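>>> Below are the sequence and a predicted model; questions follow.
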Amino acid sequence: MVKFFRSLSNRGLFILAVASLAGAPLMALGAYQIFRTQREISSGMRVQGVVVRSHLEQGGYYPMVRFETIEQGIMRFTDRSGYFQPEFQDGQQVEVLYPPYEPEKARIFTPQRFWFAPLVMTSAGLLPLIIGLLAVWFTERKTNNGDFFMTRADED
């Protein structure tokens, strides 16, 4: 790895530095969201709920869900994720996840709802790095006349 960086020209190092700086904040935020989501899922309480109805609000359909907890009895909430078309049918059973002792923070639990934003954020952070690596590979390959990524067998 050290040999790789030593073989780069100033232009290649600059491209990697800019790509890393562009992607690092998004990757860090994505990693934080992944950690937070994993913690929320592992420590949350899961119960079955029923979609009471989906109502149109601010251009999307938001499901209202009823569920029951031991501590506070029957509760209702409107999920914070809405879609252009109703995602759930009235009366459909859904899995509900909420933090222990805070059922007012309940959410419908589906993998897409919980993992979409963290994975998009992390991918958005990786994209500049991948583009930077490809740019370095193409520019340095031309500069070094094809000797840029030598294998150990080529060195002997």
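Thanks, I have it. Treat the numbers as computed from the prediction; the structure is a model and nothing was measured.
>>> Spatially nearest residue to Gly60, not counting backbone neighbours?
Counting by C-beta to C-beta, 6 or more residues apart in numbering, Gly60 lies nearest to Gly82, which is 2.9 Å off, once chain neighbours are set aside. C-beta here means a position set from N, CA and C on the backbone, and glycine is covered the same way.
>>> what's the spacing between stretch 86-97 and its chain's center?
Relative to its parent chain, stretch 86-97 has a centroid offset of 23 Å by C-alpha atoms, centre = their mean, to the nearest Å.
>>> try stretch 16-30
For stretch 16-30, the distance to the chain centre is 15 Å (C-alpha atoms, centre = their mean).
>>> Now the helix or strand hosting Ala135: buried residues?
Taking DSSP states H and E as the definition, Ala135 sits inside helix 111-143. Neighbour counts over helix 111-143 (16 or more other C-beta atoms under 10 Å) mark Phe114, Pro118, Met121, Thr122, Gly125, Pro128, Leu129, Gly132, Ala135, Val136, Thr139, Glu140 as buried.
>>> how much space between Ala19 and Val50?
With distances taken as C-beta to C-beta, to the nearest Å, Ala19 is found 48 Å from Val50.
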